[in-house]
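Undergrad: Structure for this input, please:
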Amino acid sequence: MHHRRMIKKIIKSENKAFIICFIVTIILLSIPLIIRFTAEEPLIIGDKPYYHMRIAKNLIDYDPLSYMGRTYVFDPYNNFLSFGYGLFGNIFFIVLPFILGIVSVIIFFFIIKKLKLNLSIRFLIMLTLILSPIFVYTFTVLNKHSLIIFIMLLGFLFFINKSKLLNYFSIIIFCIIPFLNILASLITILLILSYTLFKKRKALSYVTLILIALITILFNLFIYLKYGFPEKVTFISLNYLQNFISDLGSIAGSAFFNIILTIVGIIVTWKYKKKIWLIYITILILLVTLSYYVYSNIYLKFIITTFTGIGFYKIISMRWKLKFIRDLSILIMILGIIFSTTSHTNRLIKSLPDKNTKQSLEYLKLNSGEKEIILSHYTRGHWIEYYAERAVVMDSLFTYAPKPNEKYRDINAIFYGVDLQDTKRLLDKYQIRYIYIDNEMKQGLVWTKEKQGLLFLFRNEETFNQIYEEQGIEIWEYITS
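TA: Numbering: from 1, shown residues only. Now for the predicted structure:
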């Protein structure tokens with residue numbers, strides 16, 4: 001009872017709860033940007049954002065850099081970024097996730113208001129969403145899922161509104177989603193269907209469902225007919241628990257104590273299972289897809305966060321025999337959530353690329369020919385393509401990439417090979433001229449020992465020439481005969 005009164009005392013009114021959530025969101029999403037800006041580090045982190053930025057700046061049908069040349073597969077997200085870049089320049093890539101995060105929080109606040117839960121529960125729902133690693137990641141790193149979440153939330157806000165005009169407008173908004181992500185389409189269909197069965201709304205809802213399903217099928221059919229089926233990648237294996245729990249190292253996971261609170265919330269609301277069973281099905285689907293699609297976490301968080309807030313409120317309002325144990329348990333949970341978010345934010349702040357990466361790749365651009373091909377770990381591919389503007393043997397965009405499994409095997413043979421002639425044969429096969437290596441590659445990402453594989457072969461000065469070494473980053477030139 002004491003804790004419930006304390007929450008009511010803090011928020012007092014709907015407006016105060018909204019202002020607190022708004023301010024906390026701005027602070028959390030600003031911290032990584034401010035610290036990286038102060039340290040003169042690149043403000044865009046991760047590798048995929050650099051692919052999207054490069055394509056957005058020059059929309060093309062054929063990409064001459066990625067995978068040494070590949071057909072560009074149409075992605076409306078890149079067109080959206082291109083439009084924004086044309087209006088605002090590079091700043092658009094930096095502020096887009098931040099703006100989408102703030103607006104999404106505002107929309108979500110008004111959506112859960114419709115659930116008719118008391119203000120304390122809604123306030124806890126909002127805080128457990130905002131103070132979560134997955135939320136900070138989604139709206140700090142440039143990614144299409146932040147845009148999809150915004151579109152989904154806006155669509156639902158209009159869909160549940162009493163205004164018929166907004167209901168019709170929600171159909172248009174929902175119909176954008178199939179062009180961006182097939183999983184998001186499925187989740188949207190399930191959530192609309194769940195709300196429809198719960199509220200017993202029919203005509204408009206079923207028209208919306210049919211349109212989303214039809215567009216999803218037709219668009220994906222168009223992609224498969226135009227580009228064929230992509231080769232299945234066999235060398236990527238995801239650690240399920242690590243993907244799910246941010247405390248185990250996932251950059252897009254959920255905090256451990258958030259998961260505990262969610263389980264409590266599901267138990268509390270289980271009596272309504274006949275009305276919200278489709279929500280449980282949606283959660284189950286996302287949990288299953290998480291084993292091979294880490295971004296399922298983003299959609300999962302926005303669905304389960306209501307259960308998380310309800311679980312938190314239940315623990316706070318429970319009658320405990322020992323008040324000390326209750327207070328200690330609540331304190332541990334609060335500190336655990338804050339620690340997970342702080343730890344995750346710190347990882348984002350220290351994420352690559354850093355200024356040393358940028359500097360080394362700009363050097364590579366100035367000291368190599370335009371048609372030279374670069375070898376590195378595939379997670380470095382998009383940075384090389386963006387900063388050095390050079391083709392790479394492999395980057396992290398595997399879908400519709402030419403022979404990804406064969407290239408991965410050959411690259412590993414180069415990295416770990418001890419026979420100089422075999423290594424030269426593979427370097428010649430891909431016409432590789434430069435090899436880019438950084439600290440992470442030498443400390444476990446590729447090699448686990450000094451002078452292992454290719455690192456040992458570099459001592460052959462007739463074959464390899466080091467042209468750059470700075471802050472643990474090395475660039476080696478392969479001297480062909």
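
Undergrad: hey, where'd the helices end up in the stretch 201-350 of the chain?
TA: Using DSSP state H, counting those that start in this stretch, the helices found in the stretch 201-350 of the chain span residues 203-227, 240-244, 256-268, 273-289, 296-317, 323-349.

Undergrad: Out of those, which gets nearest to F158?
TA: Of all the helices of the stretch 201-350 of the chain, it is helix 203-227 that lies closest to F158, at 10.9 Å by C-beta to C-beta. In this view, the C-beta of every residue, glycine as well, is placed from N, C-alpha and C.

Undergrad: how distant is stretch 306-320 from the center of its chain?
TA: On the basis of C-alpha atoms, centre = their mean, to the nearest Å, stretch 306-320 sits 29 Å off its chain's mean C-alpha point.

Undergrad: ok, now which ones touch L286?
TA: L286 makes contact with I187, S296, N297, Y299, L300, I303, according to C-beta atoms under 8 Å, 6 or more residues apart in numbering.

Undergrad: cool, L204 as well?
TA: L204 touches N167, Y168, I171, counting by C-beta under 8 Å, 6+ apart.

Undergrad: could you redo the last one with a cut-off of 7 Å?
TA: Contacts for L204 (C-beta atoms under 7 Å, 6 or more residues apart in numbering) come out as N167.

Undergrad: Kindly report the same for the one 5 residues further on.
TA: The neighbourhood of L209, defined by C-beta under 7 Å, 6+ apart, consists of I189, I192, L193.

Undergrad: now swap in I276 and tell me
TA: S194, F198.

Undergrad: all strands for the protein, in order.
TA: Along the chain, counting by DSSP state E, strands occupy 62-63, 70-71, 373-375, 391-392, 432-437, 464-470, 473-478.

Undergrad: mean pLDDT for the helices of the stretch 201-350 of the chain: which is lowest?
TA: Averaging pLDDT over each of the helices of the stretch 201-350 of the chain singles out helix 240-244 as the lowest, with a mean of 55.

Undergrad: Any regions of the stretch 101-250 of the chain where pLDDT drops low?
TA: Where the stretch 101-250 of the chain drops to pLDDT under 70, the residues are 200-202, 238-250.

Undergrad: how does it look with 90?
TA: Within the stretch 101-250 of the chain, the segments meeting pLDDT under 90 span 114-121, 133, 161-164, 194-206, 228-230, 232-250.

Undergrad: Could you measure from H145 over to L117?
TA: Counting by C-beta to C-beta, to the nearest Å, the gap from H145 to L117 is 26 Å.

Undergrad: The two: which is more packed in?
TA: H145 (25 against 17; other C-beta atoms under 10 Å).

Undergrad: who's in contact with the more buried one?
TA: Neighbour list for H145: T138, Y295, I298 [criterion: C-beta under 7 Å, 6+ apart].

Undergrad: For these, could you give me CSV that also reports distance to V73?
TA: Formatted as CSV, these follow (distance: C-beta to C-beta, whole Å):
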residue, distance to V73
T138, 23
Y295, 18
I298, 22
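
Undergrad: ok, and the most crowded of these?
TA: Sorting those by how many neighbours each has (other C-beta under 10 Å) puts T138 first, at 26 neighbours.

Undergrad: Hmm, K144 and it touching each other?
TA: No - between T138 and K144 there is no contact under C-beta atoms under 7 Å: 10.5 Å.

Undergrad: just so I know, which of the strands of the chain lies nearest F98?
TA: Ranking the strands of the chain by proximity to F98 (C-beta to C-beta) places strand 62-63 first, at 28.1 Å.

Undergrad: neighbouring contacts of the closest one?
TA: Applying C-beta under 7 Å, 6+ apart, the set of residues contacting strand 62-63 from outside is G69, R70, T71, Y72.

Undergrad: if you set the cut-off to 6 Å instead, what comes out?
TA: Residues outside strand 62-63 that contact it (C-beta atoms under 6 Å, 6 or more residues apart in numbering): R70, T71, Y72.

Undergrad: Need the per-residue pLDDT for the second one.
TA: Going back to what we said before, that points to T71. With respect to pLDDT, T71 has a value of 87.

Undergrad: quick one on the thing from earlier: reformat the helices of the stretch 201-350 of the chain as CSV; add distance to L455.
TA: Formatted as CSV, the helices of the stretch 201-350 of the chain follow (distance: least, C-beta to C-beta, whole Å):
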stretch, distance to L455
helix 203-227, 38
helix 240-244, 28
helix 256-268, 38
helix 273-289, 38
helix 296-317, 35
helix 323-349, 27
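
Undergrad: Out of these, which is the most enclosed?
TA: Mean neighbour count, computed with mean count of other C-beta atoms under 10 Å, is highest for helix 296-317 among these, reaching a mean of 23.

Undergrad: Contacts for it, please.
TA: With C-beta under 6 Å, 6+ apart as the test, helix 296-317 has contacts from 3-4, 121, 124-125, 128-129, 134, 138, 145, 187, 252-253, 258, 261-262, 264-266, 268, 286, 289-290.

Undergrad: between the contacts of L286, which is closest to K275?
TA: Closest to K275, out of all of the contacts of L286 and judged by C-beta to C-beta, is I303, at 15.5 Å.

Undergrad: how near is the closest one to S194?
TA: With the distance defined as C-beta to C-beta, I303 ends up 10 Å from S194.

Undergrad: And for Y434?
TA: Distance, Y434 to S194, using C-beta to C-beta: 53 Å.

Undergrad: what about the two, which has more around it?
TA: The residue with more neighbours, out of Y434 and S194, is Y434; 22 against 19, by other C-beta under 10 Å.

Undergrad: for that one, what are its contacts?
TA: S368, I374, I475, E477.

Undergrad: Take these and lay them out in JSON lines including pLDDT and neighbour count.
TA: Shown next, in JSON lines, are those (pLDDT from 0 to 100; neighbours: other C-beta atoms under 10 Å):
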{"residue": "S368", "pLDDT": "96", "neighbour count": "19"}
{"residue": "I374", "pLDDT": "98", "neighbour count": "24"}
{"residue": "I475", "pLDDT": "98", "neighbour count": "24"}
{"residue": "E477", "pLDDT": "97", "neighbour count": "17"}
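
Undergrad: Would you convert those residues into TSV that also reports distance to Y227?
TA: As requested, the contacts of Y434 are exported to TSV (distance: C-beta to C-beta, whole Å):
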residue	distance to Y227
S368	31
I374	26
I475	34
E477	36
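
Undergrad: In those residues, find the pair that's most separated.
TA: Greatest spatial distance among the contacts of Y434 (C-beta to C-beta): I374 and E477, at 10.7 Å.

Undergrad: tell me the contacts of T342?
TA: Shown in contact with T342 (C-beta under 6 Å, 6+ apart): no residues.
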